[in-house]
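what follows is a predicted structure for the sequence shown.
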Amino acid sequence: MEVVGESATPVQTLAQSKTAKVPPQYIQPPQLRPNNHRKPPPSATTIPLIDLSLSYDILLPQLSSACHQWGAFHVVHHGVPINLIHQMRAVGSSFFEDLDASEKSQYKCDQSSPASEGYGSRMLVSEKDDTILDWRDYFDHHTFPITRRNPSRWPRHPPYYRNVVEEYSEQMKLLCQKLMAMISESLGLQSSSIEDAVGEFYQNITVSYYPPCPQPELTLGLQSHSDMGAVTLLIQDDVGGLEVLKDGEWVTVQPLSDAIVVILADQTEVITNGEYKSAVHRAITNSNRARLSVATFHDPAKTRTISPALELVAKSGPRYQEVLYGSFVKSWYTKGPEGKRNLDALLL
């Protein structure tokens with residue numbers, strides 16, 4: 001599976017056409033379609049909520065439980081200015097809702113290169129063009145290392161768009177470093193262990209826009225997957241649609257305006273030798289309201305080799321083979337993001 005040159009019609013354009021039926025390439029196989037009647041486990045109605053202002057003797061056990069059982073959780077009192085979170089949502093929404101199609105098209109990403117920076121609708125397309133597409137448009141920003149950052153490729157409107165993205169990027173990096181230290185300590189490791197294993201952050205900020213869908217029961221805004229990097233930090237608006245897989249059931253992540261969703265990704269599962277799990281998640285659509293989310297991905301360099309922490313291997317033996325992150329990424333884009341099969345290939 002690879003990205004090919006032909007670009008897709010933006011999903012927002014399809015939604016604005018008031019079509020009564022979604023095009024065939026957006027229809028999920030019956031077994032993958034969202035089933036809104038499935039109930040979450042009795043003990044869980046949403047992901048855990050963790051207050052980062054608590055003392056470590058209270059905080060670390062809560063963090064350990066969330067990482068072990070869920071791989072995803074909300075954090076509050078995280079240190080990121082609440083006004084900045086609101087501004088990030090606002091500028092992302094402004095791009096999709098205030099600019100016309102010709103203005104947005106100026107920022108189109110390179111369809112011939114996987115995960116290239118800019119505005120797009122399809123990230124994975126097979127050579128036979130048989131890939132089932134997400135009901136989503138997105139704008140991806142390359143923000144770290146600084147050498148990758150080129151704000152001239154980002155929208156000019158509203159005038160403060162670029163400044164907001166830069167400040168938000170810095171705050172997300174600081175929070176990710178704080179969380180990695182806490183997660184390391186919750187495992188009895190040195191606070192720098194996970195960050196040292198990941199190395200220099202490669203950070204991307206992706207604004208995802210999910211227009212109203214005429215047949216939400218047939219589509220997904222984002223297909224089931226686990227993130228391939230280390231840690232993802234996500235904010236969503238009040239519409240809701242993010243779901244996390246827990247014990248074989250899909251659990252809705254209820255929107256919390258001032259909270260940030262933490263999603264552990266595959267490399268963190270490898271580094272923790274499977275003690276902590278990367279979260280399988282997806283996004284569903286609805287017929288009434290557009291939804292917006294902003295995901296900040298923190299990944300290793302492609303030249304980085306990731307392996308389980310030696311201290312954890314000493315306790316239970318290695319559960320994962322080491323992997324060159326660039327090879328893992330290539331596999332992800334070759335096979336597609338279905339569930340966690342790329343990570344499962346590393347199991348010993």
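Arrived safely, thanks for sending. Numbers count the residues shown, from 1 in each chain.

the stretch of helix or strand Ser331 belongs to: which residues count as buried?
Assigned by DSSP states H and E, Ser331 belongs to helix 325-335. For helix 325-335, a neighbour-count test (16 or more other Cβ atoms under 10 Å) marks Tyr325, Phe328, Val329, Ser331, Trp332, Tyr333 as buried. The C-beta positions use only the backbone N, C-alpha and C, and glycine is treated the same way.

just the helices in the stretch 101-250 of the chain please.
Assigned by DSSP state H, counting those that start in this stretch, the stretch 101-250 of the chain shows helices spanning 101-105, 161-186, 193-198.

coming back round to it: and the helix holding Ser331, what does it pack onto?
Counting contacts by 3 or more Cβ pairs under 8 Å, 6 or more residues apart in numbering; DSSP states H and E, helix 325-335 is packed against helix 266-271, strand 305-306, helix 341-344.

mind exporting the C-alpha coordinates of the first one to PDB?
In this case it means helix 266-271. Output of helix 266-271 as PDB, limited to C-alpha atoms (Å, rounded to 0.1, in the frame of the first residue of the first chain):
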ATOM      1  CA  ASP A 266       3.700   1.400  19.800                       C
ATOM      2  CA  GLN A 267       7.300   2.300  20.600                       C
ATOM      3  CA  THR A 268       6.300   3.000  24.200                       C
ATOM      4  CA  GLU A 269       4.900  -0.500  24.400                       C
ATOM      5  CA  VAL A 270       8.200  -1.900  23.100                       C
ATOM      6  CA  ILE A 271      10.300   0.200  25.500                       C
END
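
what residues does that helix touch?
Identification of contacts with helix 266-271 by Cβ atoms under 8 Å, 6 or more residues apart in numbering yields 71, 183, 193-194, 197-198, 226-231, 276-278, 299-300, 306-309, 320, 322-323, 325, 328, 340, 342-343, 346.

list only those of these flagged as buried.
71, 183, 193-194, 197-198, 226-231, 276-278, 299-300, 306-309, 320, 323, 325, 328, 340, 342-343, 346.

show me where the stretch 1-150 of the chain has strands.
Listed in chain order, the strands of the stretch 1-150 of the chain (DSSP state E, counting those that start in this stretch) span 49-51, 72-76, 118-120, 137-144.

of those strands, which is nearest Met88?
strand 137-144 (10.9 Å; Cβ to Cβ).

tell me the strands beside the closest one, with direction?
strand 118-120 (antiparallel), strand 202-210 (antiparallel) (DSSP bridges).

and these, which is most packed in?
strand 202-210 (a mean of 23; mean count of other Cβ atoms under 10 Å).

please compute how far that strand lies from its chain's middle.
8 Å (Cα atoms, centre = their mean, to the nearest Å).

one more: stretch 180-192?
The answer for stretch 180-192 is 22 Å, by Cα atoms, centre = their mean.

one more: stretch 260-279?
Taking mean C-alpha positions (Cα atoms, centre = their mean), stretch 260-279 and its chain are 12 Å apart.

buried residues in it, which are they?
260-279.

let me know the pLDDT of the spatially closest residue to Trp135 that is not a sequence neighbour.
Leaving aside its chain neighbours, Trp135 sits nearest to Thr219 (4.5 Å; criterion: Cβ to Cβ, 6 or more residues apart in numbering). You'll see Thr219 listed with a pLDDT of 96.

and Thr219, what is it in contact with?
So Thr219 contacts Val22, Tyr26, Ile27, Gln28, Arg33, Pro34, Trp135, Cys213, Thr285 (Cβ under 8 Å, 6+ apart).

show me those that map onto helices.
Secondary structure of these is defined by DSSP state H; no position falls in helices.

could I get these as CSV with neighbour count and distance to Pro48?
As requested, the contacts of Thr219 are exported to CSV (neighbours: other Cβ atoms under 10 Å; distance: Cβ to Cβ, whole Å):
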residue, neighbour count, distance to Pro48
Val22, 20, 34
Tyr26, 20, 33
Ile27, 17, 34
Gln28, 18, 29
Arg33, 15, 28
Pro34, 20, 23
Trp135, 26, 28
Cys213, 25, 29
Thr285, 29, 26
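
compare the strands paired with strand 137-144 and say which comes out lowest on pLDDT.
strand 118-120 (a mean of 94).

shouldn't Glu195 be in contact with Met180?
Yes - at 4.6 Å, Glu195 counts as touching Met180 under the criterion of Cβ atoms under 8 Å.

do a quick rundown of the strands in the stretch 201-348 of the chain.
Under DSSP E, counting those that start in this stretch, the stretch 201-348 of the chain gives strands at 202-210, 222-225, 231-236, 242-246, 249-252, 260-264, 281-283, 291-299, 305-306, 323-324.

related to what we said a few turns ago, for the buried residues of helix 325-335, which one is nearest His77?
The closest of the buried residues of helix 325-335, once distances to His77 are taken by Cβ to Cβ, is Tyr325, at 31.8 Å.

okay, the closest one and Lys340: tell me how far apart.
16 Å (Cβ to Cβ, to the nearest Å).

sorry, back to before: in TSV: the strands of the stretch 1-150 of the chain, plus distance to Val253.
Shown next, in TSV, are these (distance: least, Cβ to Cβ, whole Å):
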stretch	distance to Val253
strand 49-51	11
strand 72-76	7
strand 118-120	24
strand 137-144	19
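
that'll do, ta.
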